[in-house]
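mind folding the following:
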Amino acid sequence: MAKETAPRWDRRMQQRLARGEAAALGELYDRFAALVHSQAYRMLDDEDAADLVTREVFAQAWENPEAYDPKQGSMRSWIAKLTHSRSVQRLRRAAAFSYAAEHGEDAAPDPEEVERRVRCATAAARADYIVSSMPAPLRQALKLAYIHRRDYRQTAADLGVTEDEARRRLRLGLQLLSTANARPLDGASPPGYGRVR
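Numbering: from 1, shown residues only. Sure thing, here's the model as predicted:
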C-alpha cells in the first residue's frame, strides 16, 4: 500500500526549518510539544526525563530537518518517532544505571527484562498516540465508555447518536487500539512513519 504524500504544511515546515527560521521552530513546538511530552512521560513515567526528551526532540528537528522524509509519512509521525527513539534510549540507560547502582558497577541488567519494559512502555505510548490521532467522534465514544464507564446505550445518548452508531464508533476505536500491541518491538514506531531501528 502506497503511503500518502505529506500535507503541504509538513513540506513547508521542513523547508522553513532547513532555512533556519526560528519562527518555524516555535510553530513546530506549539503544534507538537504536548504530543512529545505526553508520549515521553507515558514511556518514562518521569516528568524531568520527559522534559529533557522534549528538548532533545525539538533540538534534533531544528538541527536535522533534512532527516524528515515526507515520503515516509507526516511531520507529526516523524516527531513521534523521534520521541519514541529518544525515550527508548533513555529507558534503557535508566534501567542499566539503576541495576548497576543496586548490584554493583559492573553488573548489567537482564536484557530480556529491559526489553520487556521497553515493549510495555512502547505499547502504552503507542496506544496514547493512536487515541490522540483518531477522529474526535471515536475518541469521544471511547472516553465515555472506558473512562466514564458508560455502556453503549448511555454513550449513544451522551453523544446524541443512535445506539448502532455508538457501537460502530466503539468497535472502530477498539480496532484501532488493538494495533498498539500488534507490532513487534522493531516496528513499534507510531503509525505512518518508517520504522524505529
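
what residues of stretch 31-40 count as buried?
32, 35-40 (16 or more other C-beta atoms under 10 Å). To be clear about C-beta, it is placed using only N, CA and C from the backbone, and glycine gets the same treatment.

what pLDDT does Thr179 get?
At Thr179, the model reports a pLDDT of 76.

then the one 4 residues further on?
Reading off the per-residue confidence, Arg183 sits at a pLDDT of 51.

contacts only, for Glu138.
For residue 138 the amino acid is Leu, not Glu. Counting by C-beta atoms under 8 Å, 6 or more residues apart in numbering, Leu138 touches 169, 172-173, 176.

apply 10 Å and report the result again.
131, 168-177 (C-beta atoms under 10 Å, 6 or more residues apart in numbering).

can you check Gln60 too?
67, 79, 82-83, 85-86.

in ChimeraX, select just the buried ones from the residues you listed.
One line in ChimeraX is enough to select the buried ones among the contacts of Gln60; burial here means 16+ other C-beta under 10 Å:
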select :79,82,83,85,86
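
how close does the residue nearest the centre of the chain sit to Thr54?
Most central in the chain under C-alpha atoms, centre = their mean is Tyr129, positioned 4.2 Å from the mean C-alpha point. Tyr129 sits 15 Å away from Thr54, going by C-beta to C-beta, to the nearest Å.

ditto for Gln39
Remark: distance between Gln39 and Thr54 (C-beta to C-beta) = 9 Å.

what touches both of the two?
Common neighbours of Gln39 and Thr54 (C-beta under 10 Å, 6+ apart) are 32, 83, 86.

looking at this protein, which helix or strand does the model trust least?
None of the helices or strands of the chain scores lower by mean pLDDT, DSSP states H and E than helix 111-133, at a mean of 80.

got the buried residues for it?
Under 16+ other C-beta under 10 Å, the buried positions of helix 111-133 are 114, 117-119, 121-131, 133.

show the contacting residues for the residue nearest to Arg139 when sequence neighbours are not counted.
Computed as C-beta to C-beta, 6 or more residues apart in numbering, the closest residue to Arg139 that is not its neighbour in sequence is Val131, at 6.0 Å. Val131 makes contacts with 138-139, 142-143, 146, 173, 176-177, 180, as judged by C-beta under 10 Å, 6+ apart.
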